[in-house]
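>>> Sequence first, predicted model second:
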Amino acid sequence: MSCCGTPRSQKTSDTVATLQPFPISQQPTARPEISPFLEKESFRPPTISSPPPVHSLSRFNGAQSPPPSSTHGSVPPSPPPTASQMGTFNRGSVIDSSASLSPLRRPTPAYPSSGNPNLLSMYQPVHGHEGKMSISIDFGTTFSGVAYGSSRIASGKVQQILHWPGSMETFRKVPTCLLYDERGQVLSWGLDAKNTNPVAGSIKCEWFKLFLEPHALRDQSTIDPRLPPIPPGKKPIHLIVDFLYCMWEYAKEQITREIGAVADLDSADVWLTVPAAWDARGCDMMRDAAITAGLVRSVGARDRDWRDRLHIITEPEAAAVHCAHLTDLHKLKPSQIFMICDAGGGTVDLAVYQILGQLANLEIAEVCARSGANCGSLFLDLRFRELVRTLLADHPAHLDAASLAYFMHSFSETEKLAYRGEVDDSFMFNFTCFNVEDPDDLRVGLFNGELSIPGNLLRREVFDPVVNQALELIEEQIKKVNQHIDALLLVGGFSGSGYLFKRVEERFGARVKVIARPSDADTATARGAAQYGLARRPLVSSVVAPRSYMMKVKLPAETEDFMKRPAYVSQNNAGVAICENRLQYLVAKGAILRKGQKIKTKFCTSMSPDRIFVATMYTSDADKIMRYTDEGETVELCKWTVDIGSLPSFQENASMPTQNGFYTDFELGLELDGAEVRGILLYEGREWGRVVFDMLS
């Protein structure tokens, strides 16, 4: 679980997030909190061509005029309780005025989880104007792609970059690969890097996206040891910056060649896709890497909100938008439910959506929390490499890096997607050896410079372990939905595996009427993200809270507290019994929320002139509602250090200090969209600050 309670506009510690008065006008500073991969060093832009202006690894919402104090101070707040009535609470304690009158309740969803939600679809257009470019970057573990569109180009249809450096052929995606020299400078990228045999001193880097996977970020010991090494002096995030920079600079040149110099690419909205399973930390690091790579940049002194042109969207959400447009393929109708299985190179992500309203004004709603795991097609390659190493353990001539890479390339390019399963059990798969030495050993399948592997061995050791994991993910997601699913749509590069598709049909065909691979399945994520940007409105209108979010509070003790946690009960200075370590739910797991909907709770805190208190945020994957922090199914998410000194009520009271201090009323809330969970400080309906807590996954 992420501990990212860090405001986007201020450098702070890893565990403490301070809300600043809104808006924030300070200049961005370096961000050491994205260690251990970055530590305190700055990104160095790639050196294969002239770099863009270097941006610091921090973001800020450009300077704006703050709300006038008179607006908030015109209506005096309700008189606070006196110290003799309530006593003095420890600084930072929080009281929910409503929770003391009634037991904790599960937050009411925006609409029922069953039936047609019938949400309103009246949205204002988002950033931009008619004709503005929308460009999507599908940064994948093994392959990456770029799509783009504008209402003024090709009748608003999404286009893809198909021509890449290193080949005269067309490719819908380019390998996510870099080649470095011994000094850590980029020699080549994409197809050039993938197809070049490394020379002495050079290092080929692939699959570095997996270093931002949540488990790897929390504990480096969990990083898959099979991943290629990182060049000396670099961190995985540096590789991401280098690749994004190379890809973006080429993409701008190619888009200009394809449509002419009519598009303002520097002011385009850029949509960057991330896996559903990523948490806030990985998402935040990806955002910083994209800004440092120059995917968005300021186009003038008045362009203060240029960072807002970079949008984060989850891969299944983008794929769902693409699939929902293809009604001729899967015959989906309003109110029907479909599942997206985004099977890519590194991850398999699952999400379930319902179509709302009429297809002419497309709107889809998430109906179940997303899920995902590292079981993409890359892990077939890794298991195949381990099988080759086992078979040729006594033949080291075929186990050097170049030989293993040659075996893996042959498997990946020819057999991986064409493999059919049981019907190939008796078939011998032949792989030419890279090294001409030691050509024969019939005991292990070596004959005349080829390695022969029986199909049943490939199925048992390579395909079934990975495919079975993907099937179990789908099974678990169907159980979560607990509703009839009308269609299961497979997208992503791994969806092209005939064996995976066959196994999905065999297991789920009796329960799901339509199981299909939509057209452009391998690029559905890139195309869907660009389509989302062109719509200029939220096509995915709701999200499902994948877990509960709550806060540790002190509340007046009730009978249940005396019975269950007497050690938590104490009396304050006014003789009022107070129970510590209680949980106040802000959002409960499974709550269905409109995108951008703020779930607010009123609070009152006893304050001295010190303007700071710390709210401890917890999260839980449990379905039950818990009352105390020690019930064993909660995880501390972060310390939310809230600065309420900017609020008009605080400033007014602080100007007239009293002997016993004073009270400040305010609201804390959460806001969920398709990617992030944000904490918000509110006063009289106005927003006064926000932080990013978590990444929906």
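That came through, no problem.

>>> Mind listing what's buried along whichever strand or helix holds Arg527?
For Arg527, the element it lies in under DSSP states H and E is helix 524-535. Judged by neighbour count using 16 or more other C-beta atoms under 10 Å, the buried positions of helix 524-535 are 524-535. From N, CA and C alone the C-beta is placed, and that goes for glycine too.

>>> Repeat that for stretch 245-258.
Applying a neighbour-count criterion of 16+ other C-beta under 10 Å, the buried positions in stretch 245-258 are 245-252, 254-255, 258.

>>> Give me the lowest-pLDDT entry from the buried residues of helix 524-535.
Across the set of those, Ala535 stands lowest in pLDDT, at 80.

>>> Now tell me which helix or strand of this protein has the poorest mean pLDDT.
Sorting the helices and strands of the chain by mean pLDDT, DSSP states H and E puts strand 16-18 at the bottom, at a mean of 31.

>>> where do the helices sit along the stretch 451-600 of the chain?
With DSSP state H, counting those that start in this stretch applied, the stretch 451-600 of the chain shows helices at 455-458, 464-481, 498-508, 524-535, 559-564, listed in chain order.

>>> most tightly surrounded among those helices?
Stretch with highest mean neighbour count among the helices of the stretch 451-600 of the chain: helix 524-535 (a mean of 28; mean count of other C-beta atoms under 10 Å).

>>> Show me what that one is packed up against.
Here helix 524-535 touches strand 134-138, strand 143-149, strand 269-274, strand 310-314, helix 315-324, going by 3 or more C-beta pairs under 8 Å, 6 or more residues apart in numbering; DSSP states H and E.

>>> Output the longest helix belonging to this structure.
For the chain, the helix with the greatest residue count under DSSP state H is helix 236-259.

>>> With mean pLDDT, mean neighbour count and distance to Leu647 as added columns, please give the helices and strands packed on helix 524-535 in a markdown table.
Below are the helices and strands packed on helix 524-535 laid out as a markdown table (pLDDT from 0 to 100; neighbours: other C-beta atoms under 10 Å; distance: least, C-beta to C-beta, whole Å):
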| stretch | mean pLDDT | mean neighbour count | distance to Leu647 |
| --- | --- | --- | --- |
| strand 134-138 | 94 | 27 | 38 |
| strand 143-149 | 94 | 26 | 43 |
| strand 269-274 | 93 | 24 | 34 |
| strand 310-314 | 90 | 22 | 30 |
| helix 315-324 | 86 | 30 | 35 |
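
>>> JSON lines please, covering those and showing distance to Arg678.
Formatted as JSON lines, the helices and strands packed on helix 524-535 follow (distance: least, C-beta to C-beta, whole Å):
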{"stretch": "strand 134-138", "distance to Arg678": "23"}
{"stretch": "strand 143-149", "distance to Arg678": "28"}
{"stretch": "strand 269-274", "distance to Arg678": "16"}
{"stretch": "strand 310-314", "distance to Arg678": "12"}
{"stretch": "helix 315-324", "distance to Arg678": "17"}
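
>>> sorry, back to before: quick one: contacts of the helix holding Arg527?
Contact with helix 524-535 is made by 134-138, 145-151, 156, 158, 160, 269, 271-273, 311, 313, 315, 317-323, 325, 342, 344, 362, 491-492, 518, 520, 539-540, as judged by C-beta atoms under 8 Å, 6 or more residues apart in numbering.

>>> Give me the neighbour count for Ile515.
Number of residues near Ile515 (other C-beta atoms under 10 Å) recorded here: 20.

>>> Low-confidence stretches in the stretch 301-450 of the chain?
Where the stretch 301-450 of the chain drops to pLDDT under 70, the residues are 327-331, 357-362.

>>> show me where it has helices.
Using DSSP H, counting those that start in this stretch, helices in the stretch 301-450 of the chain cover 315-324, 327-330, 378-391, 401-410.

>>> Save these as TSV, and put in distance to Ala193 too.
Converted to TSV, these look like this (distance: least, C-beta to C-beta, whole Å):
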stretch	distance to Ala193
helix 315-324	23
helix 327-330	35
helix 378-391	17
helix 401-410	13
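
>>> Pick the most deeply packed of these.
helix 315-324 (a mean of 30).

>>> What angle do strand 134-138 and it make with each other?
Helix 315-324 runs at 120 degrees relative to strand 134-138, counting by axes from the mean of the first three to the mean of the last three C-alpha atoms, to 10 degrees.

>>> How far off centre is helix 315-324?
14 Å (C-alpha atoms, centre = their mean, to the nearest Å).

>>> Could you do stretch 267-275 as well?
Chain-centre distance of stretch 267-275: 12 Å, with C-alpha atoms, centre = their mean.

>>> how about Gly166, phi and psi?
phi 100, psi 0 (degrees, to the nearest 10).

>>> I'd say Gly498 and Tyr419 touch.
Yes. Taking contacts as C-beta atoms under 8 Å, Gly498 lies within contact range of Tyr419: 7.0 Å.

>>> hey, what's Leu446 bridged with?
Residues in a beta bridge with Leu446, per DSSP bridges, are Asp441, Leu451.

>>> and it, what is it in contact with?
Residues near Leu446 by C-beta under 8 Å, 6+ apart: 392, 395, 398, 433, 438-440, 452.

>>> re the thing from before, with respect to Thr601, which of the buried residues of stretch 245-258 is nearest?
Trp248 (41.6 Å; C-beta to C-beta).

>>> which residue sits closest to that closest one, ignoring its sequence neighbours?
Closest residue to Trp248 apart from its sequence neighbours, by C-beta to C-beta, 6 or more residues apart in numbering: Leu295 at 5.4 Å.

>>> Against Lys234, how distant is the one you found?
20 Å (C-beta to C-beta, to the nearest Å).

>>> Those two: which is more packed in?
Between Leu295 and Lys234, Leu295 has the larger neighbour count (other C-beta under 10 Å), namely 24 against 19.

>>> residues near Asp400, how many?
Based on other C-beta under 10 Å, the number of other residues close to Asp400 is 12.

>>> How many residues are close by the residue nearest to it when sequence neighbours are not counted?
Computed as C-beta to C-beta, 6+ apart, the closest residue to Asp400 that is not its neighbour in sequence is Asn435, at 7.3 Å. Using other C-beta under 10 Å, Asn435 is surrounded by 16 other residues.

>>> show me what contacts Asn435?
Asn435 neighbours (C-beta under 8 Å, 6+ apart): 397-398, 400, 402-403.

>>> quick one on the thing from earlier: for the longest helix of the chain, packing partners?
strand 134-138, strand 143-149, strand 177-180, strand 186-189, helix 280-292.

>>> Now do the last one: which elements does it pack against?
Which is helix 280-292. helix 214-218, helix 236-259, strand 269-274, strand 310-314, strand 676-683, strand 686-695.

>>> Export the ones you listed as TSV, with columns for distance to Ala577.
As requested, the helices and strands packed on helix 280-292 are exported to TSV (distance: least, C-beta to C-beta, whole Å):
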stretch	distance to Ala577
helix 214-218	39
helix 236-259	50
strand 269-274	47
strand 310-314	46
strand 676-683	29
strand 686-695	32
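
>>> Ile230 against Phe208, yeah?
Yes. If you go by C-beta under 8 Å, Ile230 and Phe208 touch, sitting 7.2 Å apart.

>>> Export stretch 615-628 to PDB, keeping only CA atoms.
In PDB, the C-alpha atoms belonging to stretch 615-628 read as follows (Å, rounded to 0.1, in the frame of the first residue of the first chain):
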ATOM      1  CA  ALA A 615      -4.500  12.900  10.700                       C
ATOM      2  CA  THR A 616      -3.500   9.200  10.400                       C
ATOM      3  CA  MET A 617      -5.100   7.600   7.400                       C
ATOM      4  CA  TYR A 618      -5.800   3.900   7.200                       C
ATOM      5  CA  THR A 619      -6.900   1.600   4.400                       C
ATOM      6  CA  SER A 620      -8.400  -1.900   4.400                       C
ATOM      7  CA  ASP A 621      -9.300  -4.600   1.900                       C
ATOM      8  CA  ALA A 622     -11.800  -6.100   4.300                       C
ATOM      9  CA  ASP A 623     -15.500  -6.100   3.400                       C
ATOM     10  CA  LYS A 624     -16.600  -5.600   7.000                       C
ATOM     11  CA  ILE A 625     -16.900  -2.200   8.800                       C
ATOM     12  CA  MET A 626     -14.400  -2.000  11.600                       C
ATOM     13  CA  ARG A 627     -14.600   0.200  14.700                       C
ATOM     14  CA  TYR A 628     -11.000   0.300  16.000                       C
END
